[in-house]
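In: Fold the following.
(2 chains)
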Amino acid sequence: MEPGDPRRLHRLHDGDLAADERARVEAGLSDEDRARLAAIEQVGAALRNTLEAEAAGFDIAAAVMARLPASPATAGVTPISAARSWRSRARGVLGSRSVWLSTAVAAAAAVLLFALPWGGGVAEAATDECEIESLEVTGASATVLRLPATRGEGTSTVVWLDEEEGP
Amino acid sequence: MDPPSRSVGDHQLVEEARAGSQAAFRGLVERYQRKIYGMAFAMLRDSDQAKDVVQDAFIKVYQHLGDFQGASGFYTWLYRIAMNLCIDRTRRAKRIAQVEFEDDAAHDDGGASEVSPHRLGFDPARALDDQEIRGQVLAALDQLSPKHRAVIILREVEGLSYKEIADAMECSQGTVMSRLFHARKKMQEMLRSFVEGDGRGSALSGDRQQ
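Out: Next up, the predicted model:
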């Protein structure tokens, strides 16, 4: 192995060298290089064995299952009551309603911009980067839901509009 | 309920779980909970927090089963979520006061990551049944920054390639290598000082070379 290149030993140990380079490095190993490789392996083995022993007998399957909703399709949906309670809490924490009126208007505008084409049942905001504190809708009631994002992680905020019956 | 046999692949369990089978999802939990816990415990060094992370990771996975594309393996997806939860917690807690290395600059010094040719002074297999040895291994791990800790766990425990680690940690492969080599060297130094420092070397080692 070329002198002054200790990284090749790690790469050899980790299987990161191409076959020809691996063969060349292996052919040039000194006794000290082999001792270093053994030392690298020992550190990894000590770590693996330690974590394996620490995790032995660990079992939280029952606890996980108890927290699951009935089906993945409904997982991550904040119940309407919780959403309402969140809005109430937000009002309490965030103070004056008037301060947040502009936020609500902006959120409503965002909802309109991203409204789906079926015309008014559900509108989905692009991200959770804005927080909807409250929403005033004429002729309808609005509920804020949080749903799993369709791509990647995180959630999407959905505003559900129920149109009220006309006179 | 008996866990699904190993012959049932992850993909099949994921499909069944997507279709509403909680038994299938439980099979995935039972298959991987210990590995995820080991990783989380190593990262957080707190069993309660590690438990929370395992639960949160599986719940999150369940919530996003519909998004899982299968391009990477189920376990790869799961540990990424769990590792990110660990890193978030570590950042919040700021448990590690030491300054993070500027990886590329601080480690790119030729021999800095060179491990010693000396053996640890004890048989690593003894970590399986010797709590004191495990305590020292975990204490050594604790001396690493969260990023160094994550890299050595992903490589040595999870068996990820440099590229997979780089993808998971959103950094370059060169940074992965720097962190890994530094972490190994630091771990080796800490573990060797344990053996040499307390006089247990002769008792622990059947294989001490030098």
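In: tell me, which helix in chain B spans the most residues?
Out: helix B:173-197 (DSSP state H).
In: Remind me what it packs against, helices and strands.
Out: Packing partners of helix B:173-197 (3 or more CB pairs under 8 Å, 6 or more residues apart in numbering or on different chains; DSSP states H and E): helix A:7-13, helix A:31-55, helix B:103-107, helix B:131-142, helix B:146-156, helix B:162-169. Glycine gets a C-beta too; all of them are placed from N, C-alpha and C.
In: Switch the ones you listed over to CSV, and while doing so, append mean neighbour count to every line.
Out: Listed next are the helices and strands packed on helix B:173-197 as CSV, based on neighbours: other CB atoms under 10 Å in any protein chain shown:
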stretch, mean neighbour count
helix A:7-13, 20
helix A:31-55, 20
helix B:103-107, 16
helix B:131-142, 19
helix B:146-156, 24
helix B:162-169, 19
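In: Ok, which of the ones you listed comes nearest B:Phe74?
Out: Between B:Phe74 and those, the shortest separation by CB to CB is 14.5 Å, and it involves helix B:162-169.
In: Just want the angle from the closest one to helix B:146-156.
Out: Calculated by axes from the mean of the first three to the mean of the last three CA atoms, to 10 degrees, helix B:162-169 forms an angle of 140 degrees with helix B:146-156.
In: how far does helix B:162-169 sit from the chain's center?
Out: 13 Å (CA atoms, centre = their mean, to the nearest Å).
In: Helix or strand with the lowest mean pLDDT in chain A?
Out: None of the helices or strands of chain A scores lower by mean pLDDT, DSSP states H and E than strand A:122-124, at a mean of 41.
In: ok, so what distance separates the spatially most central residue of chain B from B:Leu44?
Out: Centroid check for chain B by CA atoms, centre = their mean gives B:Ile153 as the closest residue, at 2.9 Å. Per CB to CB, to the nearest Å, B:Ile153 is found 11 Å from B:Leu44.
In: nearest spatial neighbour of B:Gln55, skipping sequence neighbours?
Out: A:Val64 (5.5 Å; CB to CB, 6 or more residues apart in numbering or on different chains).
In: Touching, the residue nearest to the centre of chain B and B:Met43? I think so.
Out: Yes: the pair B:Ile153 / B:Met43 is scored as a contact, 6.9 Å apart, by CB atoms under 8 Å.
In: low pLDDT regions in chain B?
Out: Applying pLDDT under 70 to chain B flags residues B:1-7, B:93-113, B:119-121, B:195-210.
In: ugh, wrong one, chain A
Out: Scanning chain A residue by residue, the ranges that satisfy pLDDT under 70 are A:1-5, A:70-167.
In: how does it divide into domains?
Out: As assigned by automatic domain parsing, chain A contains the domains A:7-55, A:71-163.
In: For the helix or strand in which B:Met43 is found, C-alpha coordinates in CSV please.
Out: Using DSSP states H and E, B:Met43 sits within helix B:22-44. C-alpha atoms of helix B:22-44 as CSV (Å, rounded to 0.1, in the frame of the first residue of the first chain):
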residue,chain,number,x,y,z
GLN,B,22,-52.1,-4.4,11.5
ALA,B,23,-50.7,-7.9,11.9
ALA,B,24,-48.4,-7.2,9.0
PHE,B,25,-47.3,-3.9,10.4
ARG,B,26,-46.7,-5.5,13.7
GLY,B,27,-44.5,-8.0,11.9
LEU,B,28,-42.3,-5.1,10.6
VAL,B,29,-42.2,-3.6,14.1
GLU,B,30,-41.1,-6.9,15.7
ARG,B,31,-38.5,-7.4,12.9
TYR,B,32,-36.8,-4.1,13.3
GLN,B,33,-37.5,-2.6,16.7
ARG,B,34,-34.3,-3.8,18.3
LYS,B,35,-32.1,-2.6,15.6
ILE,B,36,-33.7,0.8,15.6
TYR,B,37,-33.6,0.9,19.4
GLY,B,38,-29.9,0.1,19.4
MET,B,39,-29.2,2.9,17.0
ALA,B,40,-31.4,5.3,18.9
PHE,B,41,-29.8,4.4,22.2
ALA,B,42,-26.4,4.8,20.8
MET,B,43,-27.3,8.2,19.5
LEU,B,44,-29.2,9.5,22.5
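In: buried residues in that helix?
Out: B:22, B:24-44 (16 or more other CB atoms under 10 Å in any protein chain shown).
In: My guess is A:Leu47 contacts B:Leu144. True?
Out: No: judged on CB under 8 Å, A:Leu47 makes no contact with B:Leu144 at a distance of 10.9 Å.
In: Which residues are in contact with each of the two?
Out: Jointly contacting A:Leu47 and B:Leu144 under the rule CB atoms under 8 Å, 6 or more residues apart in numbering or on different chains are B:152, B:187.
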